[in-house]
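Engineer: Build me a model:
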Amino acid sequence: MHVVADLTKANPGTELSVLERIPNLQISGNIIEAVIYPRQKINLSSVSSLQFTEIAEGGDLGKQVAERITHLLANNNESITVLSFNGYVLNLATKIDPAIMHRVSFLPWSSAWRVGNTSQGKISSNKYQDASWPLNNISENETMEVLIKALRERRAFNESTSIRKTAIRPLLAKIEPRLDKPNTDHISGFISKLVSIAEHKGLITTINPGLNPSIWLNQSIATPAIAVIPNTEKIKKGDLFSEKLKQDGMGPFPNFRDELFDAMDELVNSDSKPTLTHLIHNSVGKVQLANENEHNGFHWGAVKHFIRSLLMLQDVALDEFGNPFRPNFLNMSKTVHALAKDWRIRLDGELILHLLRSGCEIGINDFQELIGSIYKTREEQYEDKLNAVIGHLNAVGKIICDETTDSLKLAS
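Structural biologist: Down below sits the predicted model:
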């Protein structure tokens, strides 16, 4: 196995200590390659067992790391594990090429330190092979790969974006006709068996056990980028922004977020003031009713989680005295008498802040991509909206513009 230890987003001065922790991860790689750039000063003699690759400091660091991994995939048949702090690298999860899924696994450094073994999170023929696998026309491992792909496409990465067990079969059939109902209906409890095996392999988590549990991909499968599409030029920055927000339960639901905000406004401005619980539940319910044909089967619980998360980040809900409050166990039954004057801008601003906190690089050339990911359409009115959000974040001291790189940065 070839291990790529990406240090391009390590905190300055911590690079050597990160490398010195590698032996504690129980990595059995034949080659351990550390990827650095010139400004990182590392005493290479103290970690002489490692191979070092230096990339250009002036370019896009994440893209250069992805190109290095693509080169490794194209020029040898070894399995590759990548450890990285770099948001661009880790956000390639949804751009996976199924043909090389089995060869590559990516982990954030924090996850690697937590599990202590970077080989976890991959499907292995050595793991729990059920001798009674009921299908002859498709193997157990092939079916697991289809399940992973289906859950990724539905963004089932955590409890708030989970799907019910009964929704699995049509998702599988859409990807692989051999798993359609006519081909598996003769097998009693096939989906239950599939879920049981996937859970035993450590691929998924289930809650609310019973006839119809909620299911999502485990962290080591959902969060890391498991493979890289060789042509990284075709990966759009806007897609990476959207995927990061979806993956972390931060919407952004650009198709109907404006509708959600309109519904919240309407509820708060009505004669019957809503409690915080009713504000979240009823605004989402109204949008769900208006979009039930277009978004049939959509997990609306994820939208409620999204709104609640935003309200926890910004105290825009006001009580009868104009005092702000946020969701907690004691406040959910509290009446919302008004919303702060700039509440929409503040909530949209949290999406940009989340991207920056996650390590995403947002340069001036990414402006149109950012509009498309947050607002879906790039019409002029949404360009004005984004300008207003960025201006607000700068005015309140949350972000700055780095004039040397023409990119947005979190204010220190």
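
Engineer: For L310, list the residues it contacts.
Structural biologist: L347, E350 (Cβ atoms under 8 Å, 6 or more residues apart in numbering). Bear in mind the C-beta positions are built from the backbone N, C-alpha and C, glycine included.

Engineer: can I assume it sits in a helix?
Structural biologist: Yes. The assignment for L310 is a helix, going by DSSP: H, G, I helix; E, B strand; the rest coil.

Engineer: Relative to G349, how far out is it?
Structural biologist: Using Cβ to Cβ, to the nearest Å, L310 is found at 10 Å from G349.

Engineer: Quick check: neighbours shared by the two?
Structural biologist: With Cβ under 8 Å, 6+ apart, L310 and G349 have no common neighbours.

Engineer: Which residue is the nearest non-sequential neighbour of the residue most central in space within the chain?
Structural biologist: Centroid-nearest residue in the chain: Q247, 2.3 Å away (criterion: Cα atoms, centre = their mean). Closest residue to Q247 apart from its sequence neighbours, by Cβ to Cβ, 6 or more residues apart in numbering: F157 at 5.1 Å.

Engineer: Point me to the helix or strand that includes the residue sitting furthest away from the middle of the chain.
Structural biologist: Distance to the chain centre peaks in the chain at D271, reaching 39.3 Å (criterion: Cα atoms, centre = their mean). D271 is part of no helix or strand, with elements assigned from DSSP states H and E.

Engineer: Just read off the phi/psi values of it.
Structural biologist: phi -70, psi -30 (degrees, to the nearest 10).

Engineer: related to what we said a few turns ago, SS state for the residue nearest to Q247?
Structural biologist: Under three-state DSSP, F157 comes out as coil.

Engineer: surely it meets L245?
Structural biologist: No. Assessed by Cβ atoms under 8 Å, F157 is found out of contact with L245, at 11.4 Å.

Engineer: how close does L347 sit to R155?
Structural biologist: L347 is 20 Å from R155, by Cβ to Cβ.

Engineer: and those two? which has more neighbours close in?
Structural biologist: A side-by-side neighbour count of L347 and R155, using other Cβ atoms under 10 Å, places L347 first with 25 against 21.

Engineer: and the helix or strand encompassing that one, how far from the chain's centre?
Structural biologist: According to DSSP H and E, L347 maps onto helix 343-357. Centroid separation between helix 343-357 and its chain, computed with Cα atoms, centre = their mean, to the nearest Å, is 16 Å.

Engineer: Which neighbouring elements make contact with that helix?
Structural biologist: Applying 3 or more Cβ pairs under 8 Å, 6 or more residues apart in numbering; DSSP states H and E, we find helix 343-357 packed against helix 237-247, helix 301-313, strand 362-363, helix 367-375, helix 380-395, strand 399-402, strand 407-410.

Engineer: ok, 7 Å please
Structural biologist: helix 237-247, helix 301-313, helix 380-395, strand 407-410 (3 or more Cβ pairs under 7 Å, 6 or more residues apart in numbering; DSSP states H and E).

Engineer: So what sits opposite the closest residue in space to C401 that isn't next to it in sequence in the bridge?
Structural biologist: Once flanking residues are discounted, C401 sits nearest to L408: 6.3 Å by Cβ to Cβ, 6+ apart. Beta-bridge partners for L408, by DSSP bridges, are I362, C401.

Engineer: For L408, grab the count of nearby residues.
Structural biologist: By the criterion of other Cβ under 10 Å, L408 has 24 neighbours.

Engineer: gap between it and V3?
Structural biologist: 32 Å.

Engineer: just N77 next, same as before
Structural biologist: Applying Cβ to Cβ to N77 and V3 gives a distance of 16 Å.

Engineer: now L347
Structural biologist: Taking Cβ to Cβ, one finds L347 at 41 Å from V3.

Engineer: Could you do F85 as well?
Structural biologist: Separation of F85 from V3 (Cβ to Cβ): 15 Å.

Engineer: ok, now L72?
Structural biologist: 11 Å.

Engineer: in the helix holding L347, what counts as buried?
Structural biologist: Buried residues in helix 343-357, counting neighbours by 16 or more other Cβ atoms under 10 Å, are found at 343-356.

Engineer: what does it rub up against?
Structural biologist: Residues from elsewhere that reach helix 343-357 (Cβ atoms under 7 Å, 6 or more residues apart in numbering): 241, 244-245, 248, 250-252, 261, 310, 313-314, 316, 362, 374, 388-389, 392-393, 398-399, 408, 410.

Engineer: where along the protein do the strands fall?
Structural biologist: Along the chain, counting by DSSP state E, strands occupy 2-6, 31-36, 51-54, 80-84, 104-108, 163-164, 204-207, 214-217, 317-318, 324-325, 338-339, 362-363, 399-402, 407-410.

Engineer: Considering these, which stretch scores lowest in mean pLDDT?
Structural biologist: The weakest mean pLDDT among the strands of the chain belongs to strand 104-108, with a mean of 69.

Engineer: ok, K286 touching D262?
Structural biologist: No. In this structure K286 lies outside contact range of D262 using Cβ atoms under 7 Å: 9.0 Å.

Engineer: in stretch 68-82, what counts as buried?
Structural biologist: Buried, per 16+ other Cβ under 10 Å, within stretch 68-82: R68, I69, T70, L72, L73, S79, I80, T81, V82.

Engineer: how about these in CSV, adding distance to H278?
Structural biologist: Below are the buried residues of stretch 68-82 laid out as CSV (distance: Cβ to Cβ, whole Å):
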residue, distance to H278
R68, 52
I69, 49
T70, 51
L72, 54
L73, 52
S79, 52
I80, 50
T81, 48
V82, 46
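
Engineer: What is the nearest of those to E145?
Structural biologist: Among the buried residues of stretch 68-82, S79 lies closest to E145 (Cβ to Cβ), at 15.7 Å.

Engineer: burial measure for the nearest residue to the closest one once chain neighbours are set aside, as a count.
Structural biologist: Leaving out its chain neighbours, the residue that sits closest to S79 by Cβ to Cβ, 6+ apart is M1, at 4.6 Å. For M1, the count of nearby residues is 16 (other Cβ under 10 Å).
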